[in-house]
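**Q** structure of the sequence below:
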Amino acid sequence: MVRKSPVAGLVVAVVVVGAVGLLLGGLLGTGERSSAAPTDHFYSKAAVATDAGTCSEVGRDILKMNGSAVDAAIASLLCVGLQNAHSMGIGGGFFFVIYDASTGRVETIDARETAPMKATEDMFGNNTQLCRKGGLSIAIPGEIRGYEMAHKRHGRLPWRELFKPSIALARRGFPIGKALAQAISSSKESIQHDGFLCEVFCDSENKILKENDIVRFPKLADTYQRIAEEGPDVFYKGSIAHGIVEDVQQADAPSSGPVLALILNIVNGYNFTGTSVSTSEEKTLTYHRILEAFRFAYAKRSKLGDPRYLNITDLIHNMTSDYFADGIRRKITDDTTHPDSYYEPEYFVPDNHGTAHLSVIAEDAQLIYTLVQSNFIKPGKRPLSSMCPAIIFDKYNKVKMVVILNMLFFDYDLKKAVTEPRFHNQLNPNVTVVEQGFDKSVLEGLTQKNHVTQLLAVADSVVQVVVRQGDRLCAVSDPRKGGYPAGY
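**A** Sure thing, here's the model as predicted:
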């Protein structure tokens, strides 16, 4: 429904909980930009930041029940699957990055959706729509299995307790927020011509629901209830699974962590500081260099894929090394950008279409970062993801706030880092997109360096941030999607 894309002004959230998620600021998302700056929320013990405020409260309440960070993350994500149903849900997949402060161990759970066993590289033929709509576009969901694994390893509360808040919310309904309303509006025709979707997102007169209208998910509540009571197998092997297959038949990992590492290694060599964005001229040159780093990194991303099917060990080693970044930096010219071929891409990389993410920090200083969210198809193969969850530490091995670019290099405060208008270029298409409010003089300067630019009608990314500042936790949810954090 909604396109999301990595952007500059990246902010990574730090989460301190039994299992913690760290958020990549400004990296993925969607929604409408708010003119108001977010309010800082400070907490002494624990914090949760999601793109739906009610769901932040769900996670906070789970933590106060002595739940672990993983418990809070699962409960929050089940809620986000309702409040921002266009971004994620149990029909998709995710990455968990978990940091256990007591052991110093970092763990990643890859629960990305996978291609069915009968999938083939040529099953879409020449029809580009088949990979986006219809039964052939559907993969095997990893969400519930991933929750199960995370809960078995790090959960403290009973499995069924994590579903209770969302079951109640789905049954009683809730007002539609701006982000979901926008997604519904942009897919109006598709929804009105799909009986299953219209049953949820249309009123009695077959008109789509709008912002602040009450939406209910009674069938999803029933599904949550059964998974809570009978366990994950009912979703994959039982009557629910059979029902899903029937609906599909009747209807018309690999993360990008190496891409993030390559971008950071390239720009790190420029030794950016606050002075690098202090004037229009300095800012134009700085943003030009960052955009060129984006282009080169995305060219290499086109060669990434599921490591179970591709030998990409050497490629990842190169993309994460300083010497490789140094070589690329020498190819960046300060006076102009270049045609696509200059960056040596190998495959076309299509846009991504939907993710959600959350950050959690619990009392026991454990962290969780979660991202919920294309390569030639093969049976059991996982699609390439633009997500790159990360947890970053200081020299004392303490988890720190991660603010890529805006805070890491430019000394922006948290509010400015989150609300600053962002920009993005992923090489294909070779167009630099910018948000409303982007500095016009810088935009003109980029045009003089031969950048093709496009102004976004609505914001194209969101971030959720949890930052440790001394003995306090500061949490911010991006105003672009209307969320707010919670903690205690």
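**Q** outside of stretch 177-192, which residues touch it?
**A** Applying Cβ atoms under 8 Å, 6 or more residues apart in numbering, the contact partners of stretch 177-192 are 1-2, 30-32, 51-52, 83-87, 176, 197-198, 201-202, 206, 208-212, 215, 458, 481-482. C-beta: built from backbone N, CA, C; applies to glycine.
**Q** got the buried residues for that stretch?
**A** Buried residues in stretch 177-192, counted by 16 or more other Cβ atoms under 10 Å: 177, 178, 179, 180, 181, 182, 183, 184, 186, 187, 191.
**Q** where does the prediction get shaky in the stretch 51-200 of the chain?
**A** Scanning the stretch 51-200 of the chain for pLDDT under 70 picks out 116-138.
**Q** residue boundaries of the helices in it?
**A** For the stretch 51-200 of the chain, helices defined by DSSP state H, counting those that start in this stretch occupy the ranges 53-64, 69-83, 143-154, 164-172, 178-186, 188-192, 195-201.
**Q** and the first one, what does it pack onto?
**A** Taking 3 or more Cβ pairs under 8 Å, 6 or more residues apart in numbering; DSSP states H and E as the contact definition, the neighbouring helices and strands of helix 53-64 are strand 47-49, helix 69-83, helix 164-172, strand 356-361, strand 472-477, strand 486-487.
**Q** contact partners for the nearest residue to residue 66 once chain neighbours are set aside?
**A** Nearest non-adjacent residue to residue 66, counting by Cβ to Cβ, 6 or more residues apart in numbering: residue 156, 6.4 Å away. Residue 156 sits next to 18, 66, 67, 68, 71 when contact means Cβ under 8 Å, 6+ apart.
**Q** got a markdown table for those residues, with distance to residue 420 too?
**A** What follows is the contacts of residue 156, written out as a markdown table (distance: Cβ to Cβ, whole Å):
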| residue | distance to residue 420 |
| --- | --- |
| 18 | 32 |
| 66 | 38 |
| 67 | 34 |
| 68 | 34 |
| 71 | 34 |
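**Q** among these, which two are most distant?
**A** 18 and 66 (10.3 Å; Cβ to Cβ).
**Q** which one's more surrounded, the two?
**A** Ranked by neighbour count (other Cβ atoms under 10 Å), residue 18 and residue 66 place residue 18 first, with 29 against 11.
**Q** and which of the buried residues of stretch 177-192 is nearest to residue 92?
**A** Checking the buried residues of stretch 177-192 one by one against residue 92 (Cβ to Cβ), the nearest turns out to be residue 183, at 14.8 Å.
**Q** for that closest one, give its distance to residue 79.
**A** From residue 183 across to residue 79, the span is 17 Å (Cβ to Cβ, to the nearest Å).
**Q** what about residue 193, how many residues nearby?
**A** A count of nearby residues for residue 193, using other Cβ under 10 Å, gives 10.
**Q** before we move on, what about residue 168?
**A** 11.
**Q** and if you look at residue 340?
**A** Around residue 340 there are 13 residues (other Cβ under 10 Å).
**Q** doesn't residue 429 make contact with it?
**A** No - between residue 340 and residue 429 there is no contact under Cβ atoms under 8 Å: 9.1 Å.
**Q** not counting its neighbours along the chain, what's nearest residue 85?
**A** Using Cβ to Cβ, 6+ apart, the nearest residue to residue 85 is residue 180, at 6.4 Å.
**Q** give me the pLDDT for the closest residue to residue 269 other than its chain neighbours.
**A** Counting by Cβ to Cβ, 6+ apart, residue 269 lies nearest to residue 329, which is 5.1 Å off, once chain neighbours are set aside. You'll see residue 329 listed with a pLDDT of 95.
**Q** residue 252 too?
**A** We have a pLDDT of 40 for residue 252.
**Q** and what of residue 458?
**A** Per-residue confidence at residue 458 stands at 72 (pLDDT).
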